[in-house]
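# Return atomic coordinates for the entry below.
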Amino acid sequence: MCRNHVPVFVTLRWELYDGLSYIIAECRNIDPWYTHRMKAFSIDLRIRVLAALDGGMSRSEAVRLFQVSLGSIKRWLRARAADDLAPKRPTGRPRRITPTQEQQLRVQVQITPDATLDEHAAQWAADTGRRISRQTLGRALHRLGLSRKKSRPLPASATPGNVRRLHSGKATGTPTT
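Residues are numbered from 1 along each chain as shown. Okay, here's the model as predicted:
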């Protein structure tokens, strides 16, 4: 795992620069379609990059050595001038189902596991007073690792002996011997 808890291949190597040795961890994502948001670089890394630049390292060398973008280095230089190297809050709209409400959603799904997304959304609106779309609910269920698969309904005439035949698609209406 590297930075975002994404499965990756990690390659470690040593590099020397001005008598200082650096361990470089190069991470390659196993799944190219993984779209998880990146986490902010640590303040420690930001300070080390800026110290290397102050020590005479060129920006292009710092990009290659520390595996950060040139844009990040420029942003950190501006932030250092303003005495604020801390990462900024990520942009975007706040979640409609907050992390504290996710447990409530988990309980709701456990109580009615066969409900559709629309039914869960209606129940959520009745419980919390906030309407959410089924797409929002689907994303929240995905984050929680919950499946939307429903159990298969049985006909009213199903008995324990013929349930297997009903689900195998071989129900003919006549008992087999």
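# In the chain, what residue spans correspond to helices?
For the chain, helices defined by DSSP state H occupy the ranges 43-54, 59-66, 70-81, 102-111, 117-128, 134-144, 163-168.
# OK, contacts around the residue lying closest to Ser60 once chain neighbours are set aside?
The shortest distance from Ser60 to any non-neighbouring residue, by C-beta to C-beta, 6 or more residues apart in numbering, is to Leu70 (7.5 Å). Every C-beta, even on glycine, is put in place using the N, C-alpha and C of the backbone. Contacts for Leu70 (C-beta atoms under 8 Å, 6 or more residues apart in numbering) come out as Arg59, Ser60, Val63.
# about what we covered before: closest to Arg96 out of the helices of the chain?
helix 134-144 (5.2 Å; C-beta to C-beta).
# still on that earlier bit, nearest to Arg93, of the helices of the chain?
helix 134-144 (10.7 Å).
# For Ala81, see how far away the nearest residue to Asp118 once chain neighbours are set aside is.
Counting by C-beta to C-beta, 6+ apart, Asp118 lies nearest to Arg134, which is 5.5 Å off, once chain neighbours are set aside. Arg134 is 47 Å from Ala81, where distance means C-beta to C-beta, to the nearest Å.
# Which of the two has more residues huddled nearby?
Neighbours per residue (other C-beta atoms under 10 Å) separate Arg134 from Ala81, with Arg134 holding more: 15 against 8.
# How about the contacts made by the more buried one?
Applying C-beta under 8 Å, 6+ apart, the residues contacting Arg134 are Leu117, Asp118, His120, Ala121.
# ok, so of the residues you listed, who is nearest Val109?
Nearest to Val109 out of the contacts of Arg134 is His120 (C-beta to C-beta; 6.9 Å).
# which residue packs closest to that closest one, ignoring adjacent ones?
Using C-beta to C-beta, 6+ apart, the closest residue to His120 is Leu137 (5.6 Å).
# Please point out which parts of stretch 88-104 sit buried.
For stretch 88-104, burial by neighbour count (16 or more other C-beta atoms under 10 Å) applies to Arg96, Ile97, Gln101, Glu102.
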